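**Student:** Model the following, please.
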Amino acid sequence: MSDNHFARDVIDRMLDSETERHIAEQKAALAAHPDWAEGHLHLGLLYRIHRTLRDAAKHELLRALELKPGLAEAHIAIGEIYLAEGDFARAREHAGFAAQFGNPRLLQQIERHAPPQEPHT
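**Tutor:** Numbering: from 1, shown residues only. The predicted model follows:
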């Protein structure tokens, strides 16, 4: 193992450990306030940072949107996950909602970089 690879592995484990600590704190806050949409957003963002928790991130972000459909930051975060997974239709859908609720950043990104949208037949 090269020194760079070893250093990267150590840093990744440290970040995962720190993220897991923040996840535990956020879960405790949500236990006291389970209908707090922004809390689910924050937990989803923490899960997204952790390298192995993408499905949990999607679950929390969708829960945030169930509780508060106009939460643009949650639409952007889940749209970015869908974009990374290559699900451009869902990414565009959430980017459109985020733009409708005041944050067009992801929609602008998609329009610049994603493949053209397939016409509906």
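
**Student:** and the lowest-mean-pLDDT helix or strand in the chain, how far from the chain's centre?
**Tutor:** Sorting the helices and strands of the chain by mean pLDDT, DSSP states H and E puts helix 3-32 at the bottom, at a mean of 81. From the chain centre to the centre of helix 3-32 is a distance of 16 Å (C-alpha atoms, centre = their mean, to the nearest Å).

**Student:** repeat for stretch 42-52
**Tutor:** With C-alpha atoms, centre = their mean, you get 7 Å for stretch 42-52.

**Student:** about what we covered before: name the helices or strands packed onto the helix or strand just after the least confident helix or strand of the chain?
**Tutor:** Toward the C-terminus, helix 3-32 is succeeded by helix 37-49 as the next helix or strand (DSSP states H and E). In terms of contacts (3 or more C-beta pairs under 8 Å, 6 or more residues apart in numbering; DSSP states H and E), helix 37-49 is packed against helix 3-32, helix 54-67, helix 72-84. For every residue, glycine as well, the C-beta is placed using N, CA and C.

**Student:** circling back to that earlier point, could you list the buried residues of the least confident helix or strand of the chain?
**Tutor:** For helix 3-32, the neighbour count (16 or more other C-beta atoms under 10 Å) marks D16, T19, I23, Q26, L30 as buried.

**Student:** that older thread, indicate which one of the helices and strands packed on helix 37-49 is closest to L46.
**Tutor:** helix 3-32 (4.9 Å; C-beta to C-beta).

**Student:** what helices or strands is the closest one leaning on?
**Tutor:** By 3+ C-beta pairs under 8 Å, 6+ apart, helix 3-32 packs against helix 37-49.

**Student:** What are the contacting residues of the helix it packs on?
**Tutor:** 15, 19, 22-23, 26-27, 29-30, 33, 53-54, 56-61, 63-65, 67-68, 71, 73-74, 77-78, 81 (C-beta atoms under 8 Å, 6 or more residues apart in numbering).

**Student:** Filter the residues you listed down to the buried ones.
**Tutor:** 19, 23, 26, 30, 53, 56-58, 60-61, 63-65, 67-68, 71, 73-74, 77-78, 81.
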